[in-house]
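Asks: I'll drop the sequence and a predicted model, then ask my questions.
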Amino acid sequence: MNSSIDAVGGRERSRWRNGLLATLMGTLLSGSLQAAHADEVVVGFATAQSGFMAGYDGDAANMAKLWIDDRNAAGGLLGQQIIVTSADTKSDRIEGARAGQTVVDAGADIVIVTCDYDFGAPAAGVAQRANKVSVFLCAEDPKAGVQGAGAFAFTSSTAAPVQGAGIAEWAAKKLGMKRPYILLDTASEYNKSLCSGFRWALSQLDGVEIVGEDTFVNDDASIQSQITRINGLAEQPDAIVLCSYIPGGASALRQIRAAGIATPILAGSSMDGTYWTDSVPGLSDLFLPVQASVRGDDPRPEVNTMIARYEEKYKAKPFTVYALPIYAFLDLWAKAVEKAGTTDAEAVVPILESYKDEPSFLGPRSFSSDLHIQQNADLLILRYIDRTPKVVDTYRLSQPVPVDVLFKKN
């Protein structure tokens, strides 16, 4: 018995020593890596290089690296060159946390995390605990900031409710929409936020009434029952609001049009792009609010120049608008860093939070201690005609979306 006890105790002591050694080695390695980068500014990418989120992260990460090249060519930041460290989240939440820890241990001064709030939050949480600024590549759920990821977390993009509210106001004023029907894909927080903003905007308008609402889930093979209910209305809607994303959004669109419903469809920027439109033959009269157009028809020359420079570097245009916002954010972050004289989050974040309508190539940007996402923004309205999107208008909400609406999902 004593020998068994001694053997067990020996194994426990061995495990304890091994664990202590691993901890010490990790600490020493982290310290060595950070010391090695003492004369450089390190940008860490905890983003998806594989899996389904790579389709959203890839272009935006490339745009961030274009910003790094531009900044280094202009002398760097704080008189230092900017270098990159990266780790693949593999489009997985657990791997996202590991990726975040990897780049923090490598000395990242700012951690760039994956586009979606749900998949980017684990890495942003690691950055928060390490007292590092983090930024979501393009997340549009308002929780991608103070409320969901921490006081040092930001997102480069515009809140989904701003898109929903923007397309609602625009459609009421420009299309004469009076009887919209809402079709909500409940698979993500983004979708719920988009529809929430649409409902709020309609509550501010006279003479517009939602004639019906229904739900589906992104991976549903069929929405025939929902289409049947639309066709069964005594008076048909004059617009269908589709709060969804690819691939489920494309499937819903195909089925709606195949059923002979030609009503204009209003959606969010998650439907931007043409990589999916072959699945909806003859698609027309889909309207989207986006921050910019990546197809060369943006009314702002500086945006078209940015797209051309991206294409020159990567030999292809970005697929969607999600490539662009990170460049604008990094410009603002660098400006705050230069003013603070350091990359330390405690000094940089208050400066970022002081920005009110700060200029960027995508339009004015504002942050506050409560909101690290855009509460209003300049929007372009895209219209799809025979599967091809074209800019048909520009729009800005008559008032910012209230904070309580930003975090309301119903």
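Replies: Cool, the structure landed.
Asks: so where do the strands sit in the stretch 151-300 of the chain?
Replies: Taking DSSP state E, counting those that start in this stretch as the test, the strands found in the stretch 151-300 of the chain are 153-155, 180-185, 212-216, 239-243, 265-266, 286-290.
Asks: tell me which of the ones you listed sits nearest to Pro350.
Replies: Closest to Pro350 of these is strand 153-155 (Cβ to Cβ; 12.8 Å). To be clear about C-beta, it is placed using only N, CA and C from the backbone, and glycine gets the same treatment.
Asks: pLDDT weak spots in the protein?
Replies: Within the chain, the segments meeting pLDDT under 70 span 1-38, 409-410.
Asks: so what's the residue count around the nearest residue to Asp357 once chain neighbours are set aside?
Replies: The shortest distance from Asp357 to any non-neighbouring residue, by Cβ to Cβ, 6 or more residues apart in numbering, is to Pro364 (3.8 Å). Pro364: 15 surrounding residues under other Cβ atoms under 10 Å.
Asks: relative to Ser203, which of the strands of the stretch 151-300 of the chain is closest?
Replies: strand 180-185 (12.5 Å).
Asks: list the neighbouring strands of the closest one plus their orientation.
Replies: Strand 180-185 pairs in its sheet with strand 212-216 (parallel), strand 239-243 (parallel), by DSSP bridges.
Asks: where along the stretch 1-150 of the chain do the helices fall?
Replies: With DSSP state H, counting those that start in this stretch, the ranges of helices along the stretch 1-150 of the chain come out as 2-36, 54-73, 93-105, 117-129.
Asks: distance between the last one and the chain's centre?
Replies: Taking the mean of its C-alpha atoms, helix 117-129 sits 13 Å from the chain's own mean (Cα atoms, centre = their mean, to the nearest Å).
Asks: isn't the residue nearest to Asp357 up against Glu358?
Replies: Yes: contact criterion Cβ atoms under 8 Å: Pro364 and Glu358 qualify, at 6.4 Å.
Asks: thinking again about what came up before, just the strands paired with strand 180-185: most buried one?
Replies: The highest average neighbour count among the strands paired with strand 180-185, using mean count of other Cβ atoms under 10 Å, belongs to strand 239-243 at a mean of 26.
Asks: and the strands paired with strand 180-185 as CSV, adding distance to Trp67?
Replies: Listed next are the strands paired with strand 180-185 as CSV, based on distance: least, Cβ to Cβ, whole Å:
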stretch, distance to Trp67
strand 212-216, 38
strand 239-243, 31
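Asks: quick one: closest of those strands to Ser157.
Replies: strand 239-243 (16.4 Å).
Asks: report the angle between that closest one and strand 286-290.
Replies: With axes from the mean of the first three to the mean of the last three Cα atoms, to 10 degrees defining the directions, strand 239-243 sits at 50 degrees from strand 286-290.
Asks: in PDB, list the C-alpha atoms belonging to strand 239-243.
Replies: Taking C-alpha atoms only, strand 239-243 is exported to PDB below (Å, rounded to 0.1, in the frame of the first residue of the first chain):
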ATOM      1  CA  ALA A 239     -41.200  45.200 -50.000                       C
ATOM      2  CA  ILE A 240     -39.700  42.100 -48.300                       C
ATOM      3  CA  VAL A 241     -37.100  42.700 -45.700                       C
ATOM      4  CA  LEU A 242     -34.600  39.800 -45.700                       C
ATOM      5  CA  CYS A 243     -32.400  39.800 -42.600                       C
END
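Asks: who touches it?
Replies: Defining contact as Cβ atoms under 8 Å, 6 or more residues apart in numbering, one finds that strand 239-243 is touched by 164, 167-168, 171, 175, 177, 179-185, 191-192, 194-195, 198, 230, 249, 252-253, 256, 261, 263-268, 271.
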